[in-house]
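Q: Sequence first, then the predicted structure:
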Amino acid sequence: MSTNQYLRPVTTEKREHIYIGGCDTIDLAKKYGTPLYVLDEATIRQICREYKEAFRNYKNIRMMYACKSLCNLAVLKILDEEGFGFDTVSSGEIFTASKAGVKMSKVLFNGNNKSLEEIELALELGVGRFSVDNFYEAELLNRISESKGKTANILLRITPGIECHTHDYIQTGQIDSKFGFDLSQVDEIINLIKNKYNNLNLKGIHAHIGSQIFEARSYYDEVEILIKEAARIKEVHSIELEEVNIGGGLGVKYTENDCPPSVEELAAAVTEAMQAALEKYNISEPVIYIEPGRSIISTAGVTLYTVGSVKNIPNVRKYVALDGGMADNPRPSTYQAKYTAEVANKVNNCETELVTLAGRYCESGDILIENIELPYLETGDIICVYNTGAYNYSMASNYNRVPKPGMVLVNNSQSDMIVSRESLEDLIARENIPDRLRQQ
Ligand code: LLP
C-alpha cells in the first residue's frame, strides 16, 4: 500500500480521542479554534519517499510538486527538503516558492494564460522551465526574454488525446481542451521556435491527462503517445527532445469505496511504457518530469469542525451544522466530491445515527457530507473530515465574509501554526471608502 491509498494520515491513532501526529485533535481544536486545517508532516514525507522509491529504476526522474493543490511556505519547505521541484501556475506560487528558499531552477511555470508581469517575474527570478501553452505565449515569452537578454528553457504543452478523471477514461483523436497545442499544431510552433523565436530553447514536451486518476494504464498510454510524438519531432525537425513531462493526477482515497492505484503501480506503468516506447521508437531516454499534487498532500490534511445547530426533520433527515463548509472546502458543492468524517471526541461510542453534515454558509447546496453514520452528535462535538489537504485551502474563499481558518502542522506530538487564522480586520485590510462617499 502507498500513502495515497490511506483514508487517514499515517499517524492517526484512536485513543480516547482521535490523535494525529501525536497530537490530540480535541486539544488542537481548543488551542487554535475551529474550523482548523491540520497537516501531518510524517504523511507528507512518507509519500514523497514512496515516490522516490517507486521510480528508483528510472534515474532521470524529476518530481515536481503541483503547488496548486496547497501552497504555503512551510509545505514548500518540506517538499524542498524531500528533493522535489515545483510546478507553479501563477506569480503568487512562484513568489511563495522563492520566499520558501527554493532554488528557482527547480521551478516550472505552467498555465494557459500567463500574464506579461508573471512572465517578467519568472524570468527575473530565474525559473527553470516554462511550459509554453499556446502561440500567443510563445511570442510573448520570446519577446520578454529577448528584451532581458535571456533565453527561456521551454517545454511545449500538448494535448495528447487522452482525458481521464477518476473512473472515466477517454482516448480520442482530438480533445476539446483549453490547454496546450493540439498535435496538429506542433509542427507550426516548432518551426516558429527554430526560425524566429531565438530566445526560446526547446527542451521537451508536456502533457497532463487529468486529476484523481484511478487507472495506472492511462499513464502507460500517455507515455507511449508522448514518446511517439518525440520520435516524430526528431524525424521531422531533427530535434532530439531531452525532457518529457507527464503531468500529475494520481488519485487518493476519499472514501472506503475509492481504490486509487499505488505509487508503485503508477511508476511501473510509466517505466514499462517508457522502455517499450524507447525500443519501438528511435530516441534516447529522456528526463521524465512528474507533477503530483493531490497524491502528495491530500491524505496529510484533515479539517476539524465544531458541531453547532442540529435540525431534525422527522422521517426526512437530520441536519447537523458545522462551523465551516463550502468556503473552506468547496469540493462537495463544486464537484459533488465525497468525504469521510469521524467524531474526534467520540471514538468509542458505538451507537450511531444517520445524519447530514451541513455547512454554515447561506446556500442550500452547502452540504459537506450527505447521509453519514456517526455516533449520536451534540453541540460542541468535534468532527474530523479526512483528506482535506489538497484543493481545500487552495480553493478556499471568504464567502459570506467569513475569515479563512488557520492551518497547523503536526509532528511528533508538536503543533505549529503555519498559516494563521484570518481576522475580521484582515477582511477589510485592503478596502477603502472613497472620500466622495465619506463627504455625504
Ligand atoms: N500538472 C498540471 C499541468 C495540472 O493541471 C495539475 C492539476 C497537476 C499537475 C496536479 O494534478 P494532481 O496530481 O493534483 O491531480 N480542483 C480540482 C483539481 C484540479 C486539478 C488541476 N490540475 C479538484 O479539487 O479536484
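A: It's in.

Q: Determine which residue belonging to the stretch 101-250 of the chain approaches the ligand most closely.
A: Residue of the stretch 101-250 of the chain nearest the ligand, by CB to the nearest ligand atom: G248 (2.8 Å). The C-beta positions use only the backbone N, C-alpha and C, and glycine is treated the same way.

Q: For that residue, give me its contacts.
A: Neighbouring residues of G248 by CB atoms under 8 Å, 6 or more residues apart in numbering: A66, D87, H208, S211, I290, E291, P292, G293, R294, S295.

Q: Chain neighbours aside, what residue packs nearest to it?
A: Nearest non-adjacent residue to G248, counting by CB to CB, 6 or more residues apart in numbering: E291, 4.1 Å away.

Q: Model confidence score at that neighbour, please.
A: pLDDT recorded at E291 is 98.

Q: Return the backbone torsion pair for it.
A: phi -120, psi 70 (degrees, to the nearest 10).

Q: my read: it touches S211, true?
A: No: contact criterion CB atoms under 8 Å: E291 and S211 do not qualify, at 10.6 Å.

Q: what does the chain put close to the ligand?
A: Within reach of the ligand by CB under 6 Å from any ligand atom, the chain has these residues: 66, 68-69, 87, 110, 208, 211-212, 247-250, 291-295, 331, 335, 391.

Q: rerun at 5 Å
A: Residues of the chain found near the ligand (CB under 5 Å from any ligand atom) are 66, 69, 110, 208, 211, 247-249, 291-294, 391.

Q: re the thing from before, burial of the residue nearest to G248, as a residue count?
A: Number of residues near E291 (other CB atoms under 10 Å) recorded here: 27.

Q: Repeat that for C384.
A: Using other CB under 10 Å: C384 sits among 25 other residues.

Q: partners of it in the sheet?
A: L304, E342 (DSSP bridges).

Q: all numbers from here: first residue = 44
A: I'll keep to 44 as the first residue from here, and by that count the last item is C427.

Q: Just confirm I121 is within a strand.
A: No: per DSSP: H, G, I helix; E, B strand; the rest coil, I121 lies outside any strand segment and is helix.

Q: could you say which helix or strand contains the closest residue to it other than its chain neighbours?
A: Excluding the flanking residues, the one nearest I121 by CB to CB, 6+ apart is I87, at 5.6 Å. Per DSSP states H and E, I87 falls inside helix 84-97.

Q: tell me the phi and psi of R464?
A: Dihedral pair for R464: phi -70, psi 140, per degrees, to the nearest 10.

Q: and it, how many neighbours?
A: So R464, with other CB under 10 Å, has 17 neighbours.

Q: Touching, it and K447? I think so.
A: Yes: if you go by CB under 8 Å, R464 and K447 touch, sitting 7.3 Å apart.

Q: hang on, the earlier thing: next step: the residues of the chain next to the ligand restricted to helices.
A: Within those, residues falling in helices by DSSP state H are R337.

Q: Present the residues of the chain next to the ligand as CSV; the columns should include distance to M460.
A: Listed next are the residues of the chain next to the ligand as CSV, based on distance: CB to CB, whole Å:
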residue, distance to M460
A109, 24
S112, 20
N153, 30
H251, 33
S254, 29
G290, 33
G291, 28
G292, 31
E334, 28
P335, 26
G336, 23
R337, 24
Y434, 21
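
Q: Tell me who's in contact with the residue nearest to G291.
A: The contact partners of E334, taken as CB under 8 Å, 6+ apart, are M107, Y108, A109, D130, L151, N153, H251, N288, I289, G290, G291.

Q: try 7 Å this time
A: E334 makes contact with M107, A109, D130, N288, G290, G291, according to CB atoms under 7 Å, 6 or more residues apart in numbering.

Q: S254 too?
A: H208, G291, G292, R337.

Q: for it, phi and psi?
A: Note on S254: its backbone torsions stand at phi -130, psi 160 [degrees, to the nearest 10].

Q: now the residue positioned nearest the centre of the chain: how far from R403?
A: In the chain, the centroid-proximal residue (CA atoms, centre = their mean) is S112; its distance is 2.4 Å. S112 is 25 Å from R403, where distance means CB to CB, to the nearest Å.

Q: swap in Y442?
A: Separation of Y442 from R403 (CB to CB) stands at 10 Å.

Q: between these two, which one's more packed in?
A: With neighbours defined as other CB under 10 Å, Y442 and R403 compare such that R403 has more, 19 against 16.

Q: Excluding chain neighbours, what is closest to that one?
A: Leaving aside its chain neighbours, R403 sits nearest to G368 (5.3 Å; criterion: CB to CB, 6+ apart).

Q: tell me the pLDDT at the one you found?
A: Listed pLDDT for G368 reads 98.

Q: With the one 10 residues further on instead?
A: Confidence per residue is given as pLDDT, and for Y378 that number is 95.

Q: which residues sit in contact with it?
A: Y378 neighbours (CB under 7 Å, 6+ apart): none.

Q: Next, count neighbours for the closest residue to the ligand within the stretch 294-443 of the chain.
A: As assessed by CB to the nearest ligand atom, the ligand sits closest to G336 within the stretch 294-443 of the chain, at 2.8 Å. Using other CB under 10 Å, G336 has 25 other residues around it.

Q: got the contact list for it?
A: Neighbouring residues of G336 by CB under 7 Å, 6+ apart: Y108, A109, K111, S112, G291, A433.

Q: Swap in 10 Å and give it another go.
A: Residues in contact with G336, defined by CB atoms under 10 Å, 6 or more residues apart in numbering, are 107-114, 130, 254, 290-293, 432-434, 437.

Q: cool, L79 as well?
A: 68, 71-72, 345-349, 366-367, 371, 425, 448-451, 458, 460, 464 are the contacts of L79 under CB under 10 Å, 6+ apart.

Q: Which stretches in the stretch 44-193 of the chain count as strands?
A: 56-57, 61-63, 66-67, 79-83, 104-109, 128-131, 150-152, 172-175 (DSSP state E, counting those that start in this stretch).
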